[in-house]
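In: give me the fold of what follows.
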Amino acid sequence: MRLPRHDWLFATLTLLAGAPVWAAQQNASFEVKQQRIADPAPTVRVPQGDTLVLELRSDAPMDLHLHGYDLQLALKAGTPGRLQLQAQVLGRYPLAAHGKGHHHAPALLYVEVVPR
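Out: Below is the predicted model of the structure:
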């Protein structure tokens, strides 16, 4: 039995609706000057399931921590550093400086994982 054209199209679209969505990679680069990126701190939004690669360069050495994902990055002055994460958990997460003199530093930026 042959399906009428409109039934074939409906069946194809129904099958495609259940097809997996391929994850993408998003890149963002920032310059840290005097322990800040901007005021207010920028927000990088990434769809859940995607990979986010942050490239950061600082005018001074600093240890960074992405809260919620517990990722750390030690930046050397003038040398770019990369922080990569699989955006799995929905929410808004601050990237902050840690270490000597940075215990209560404000967030440099926020990573916001949003539903796909």
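In: tell me who's in contact with the residue positioned nearest the centre of the chain.
Out: In the chain, the centroid-proximal residue (C-alpha atoms, centre = their mean) is residue 52; its distance is 3.9 Å. Residue 52 is in contact with 25-28, 44, 46, 84-85, 87, 111, counting by C-beta atoms under 8 Å, 6 or more residues apart in numbering. Placement of C-beta: from N, CA and C, glycine included.
In: try 6 Å
Out: By C-beta atoms under 6 Å, 6 or more residues apart in numbering, the residues touching residue 52 are 26, 46, 85, 87.
In: do residue 51 as well
Out: By C-beta under 6 Å, 6+ apart, the contact set of residue 51 is 25, 86.
In: ok, residue 65 - how many residues close by?
Out: Using other C-beta atoms under 10 Å, residue 65 has 18 other residues around it.
In: I'd like the next helix or strand past the helix or strand encompassing it.
Out: Here residue 65 sits within strand 62-66, counting by DSSP states H and E. Per DSSP H and E, strand 62-66 leads on to strand 71-75 as the next helix or strand towards the C-terminus.
In: pull out the buried positions in that next one.
Out: The neighbour-count check on strand 71-75 (16 or more other C-beta atoms under 10 Å) flags 71, 73, 75 as buried.
In: just to revisit the earlier point, any of the contacts of residue 52 buried? List them.
Out: By neighbour count, with 16+ other C-beta under 10 Å, those hold 46, 85, 87 as buried.
In: out of those residues, which comes closest to residue 56?
Out: Closest approach between the buried ones among the contacts of residue 52 and residue 56, by C-beta to C-beta: residue 85, at 13.2 Å.
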